[in-house]
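Novice: predicted structure and sequence below. I'll ask about it afterward.
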Amino acid sequence: MPELPEVETTRRGIEPYVKEQVIVDVEVREPRLRWRVPAGLAQKLKDARVLSVERRGKYLLLSTSSGTLIVHLGMSGSLRMVTDDIAPQSHDHVDVSFSNGLKLRLRDPRRFGSVLWTRSDPFRHPLLASLGPEPLSHAFDGNWLHETARGRRAAVKTLIMNSRVVAGVGNIYASEALFLAGINPARSAGRISARRFGSLADAVKQVLEEALVQGGTTLRDFVNGAGEPGYFAQSLRVYGREGEACIKCGSAVRARVLGQRASYYCPRCQR
DNA sequence: AGTGCGGCCTGTCCGC
DNA sequence: TGCGGACAGGCCGCAC
């Protein structure tokens, strides 16, 4: 499911309901996620107060007075606030119950998501420590991309989907940003000028910010903390539009697989 | 070091 | 209507 805008939409949606709340219970119905959910979470988190709800790349960090819960939504995960009387359905794997009577419920049919736990600095957790800059931060710009791409022959789309290069750009927004920047997704990363990388960095930021305003993209599973879909799907310029007319030039949008992922582009506008 | 794959899962859709 | 296969918003871990 979720790329950065969806994760951030989720973060914003749940924060008001969980921040400052005290955890009264954690129920794990299915621990077999991407990594096994650590045992004894209820004991670890009982009576802990939620201090903050942050995001790093596509990871959500619930920092508490006892430690930090690190949540990743994988391909099909969603988090929502539910009241006590809403019975869990299949694929509702984890509930975190708060003293205000609400529960934070993780649903993840494909179970590519994860729920991790650390008592130390979550940003130094092995899975987070090597993440590249946040795409919406000043650290991410054309110069960073240009330097990172030096000597690399891999496709530029693969490069910007590499979380060590930039954190949180997934398959949809990579295609969208490359379209905006006019760069062919298969172009070798090391053969792109600094100037064009400047356009690409700007395009990444623009696309992510637009999607954020719309509450993210719902293709299938994604819902925000209140169970509502995002509306950016209707604004997608090339993703999923194979054979349709390019919105700029009218050429047929093409699809091809790069790095095992479907990629959409206009063969005329993107070189 | 960088690159390209296999694999982890379930659900859905398409063609036969 | 049933069935096999492809595909889906992520990304680690491994072989080369």
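Specialist: That came in fine, so what should we check first?
Novice: from here on, contacts and neighbour counts on C-alpha atoms
Specialist: Will do.
Novice: name the residues of stretch A:63-75 that are buried.
Specialist: A:63-64, A:66-75 (16 or more other C-alpha atoms under 10 Å).
Novice: burial count for residue A:145?
Specialist: For residue A:145, the count of nearby residues is 25 (other C-alpha atoms under 10 Å).
Novice: any idea how far it lies from residue A:67?
Specialist: Noted for residue A:145: a distance of 34 Å to residue A:67, by C-alpha to C-alpha, to the nearest Å.
Novice: could you do residue A:126 as well?
Specialist: Counting by C-alpha to C-alpha, the gap from residue A:126 to residue A:67 is 16 Å.
Novice: which pair in the buried residues of stretch A:63-75 spans the largest distance?
Specialist: Comparing every pair within the buried residues of stretch A:63-75 by C-alpha to C-alpha identifies A:66 and A:75 as the most remote, at 28.6 Å.
Novice: ok, now which ones touch the nearest residue to residue A:168 once chain neighbours are set aside?
Specialist: Ranked by C-alpha to C-alpha, 6 or more residues apart in numbering and with sequence neighbours excluded, the top spatial neighbour of residue A:168 is residue A:57, at 4.4 Å. For residue A:57, the contacting residues are A:4, A:131, A:134, A:163, A:167-168, by C-alpha atoms under 8 Å, 6 or more residues apart in numbering.
Novice: ok, so of the residues you listed, who is nearest residue A:205?
Specialist: Nearest to residue A:205 among these: residue A:134, at 10.0 Å, using C-alpha to C-alpha.
Novice: residue contacts, the nearest residue to the closest one once chain neighbours are set aside?
Specialist: Once flanking residues are discounted, residue A:134 sits nearest to residue A:167: 5.5 Å by C-alpha to C-alpha, 6+ apart. Counting by C-alpha under 8 Å, 6+ apart, residue A:167 touches A:56-58, A:131-135, A:161.
Novice: could you redo the last one with a cut-off of 7 Å?
Specialist: By C-alpha atoms under 7 Å, 6 or more residues apart in numbering, residue A:167 lies in contact with A:57, A:131-135.
Novice: give me the element the residue in the stretch 101-250 of chain A that DNA strand C sits nearest to is part of.
Specialist: Residue nearest to DNA strand C within the stretch 101-250 of chain A (C-alpha to the nearest atom of the strand): residue A:220, separated by 2.6 Å. Assigned by DSSP states H and E, residue A:220 belongs to no helix or strand.
Novice: contact partners for it?
Specialist: Residue A:220 touches nothing, counting by C-alpha under 7 Å, 6+ apart.
Novice: swap in residue A:171?
Specialist: Listed by C-alpha under 7 Å, 6+ apart, the contact set of residue A:171 is empty.
Novice: and the longest helix for chain A?
Specialist: Using DSSP state H to define each element, chain A has its longest helix at helix A:194-213.
Novice: what average pLDDT does it get?
Specialist: Mean pLDDT, helix A:194-213: 97.
Novice: so which elements touch that helix?
Specialist: Counting contacts by 3 or more C-alpha pairs under 7 Å, 6 or more residues apart in numbering; DSSP states H and E, helix A:194-213 packs against helix A:4-18, helix A:142-149, helix A:171-181.
Novice: quick one, which of these is packed in tightest?
Specialist: The highest mean neighbour count among the helices and strands packed on helix A:194-213, using mean count of other C-alpha atoms under 10 Å, belongs to helix A:171-181: a mean of 24.
Novice: what residue in the stretch 151-271 of chain A comes nearest to DNA strand B?
Specialist: Counting by C-alpha to the nearest atom of the strand, the stretch 151-271 of chain A gets nearest DNA strand B through residue A:152, at 3.3 Å.
Novice: backbone dihedrals for the residue in the stretch 1-150 of chain A that DNA strand B sits nearest to, please?
Specialist: Closest approach between the stretch 1-150 of chain A and DNA strand B, counting by C-alpha to the nearest atom of the strand: residue A:110, at 3.7 Å. When read as degrees, to the nearest 10, the backbone of residue A:110 gives phi -80, psi -10.
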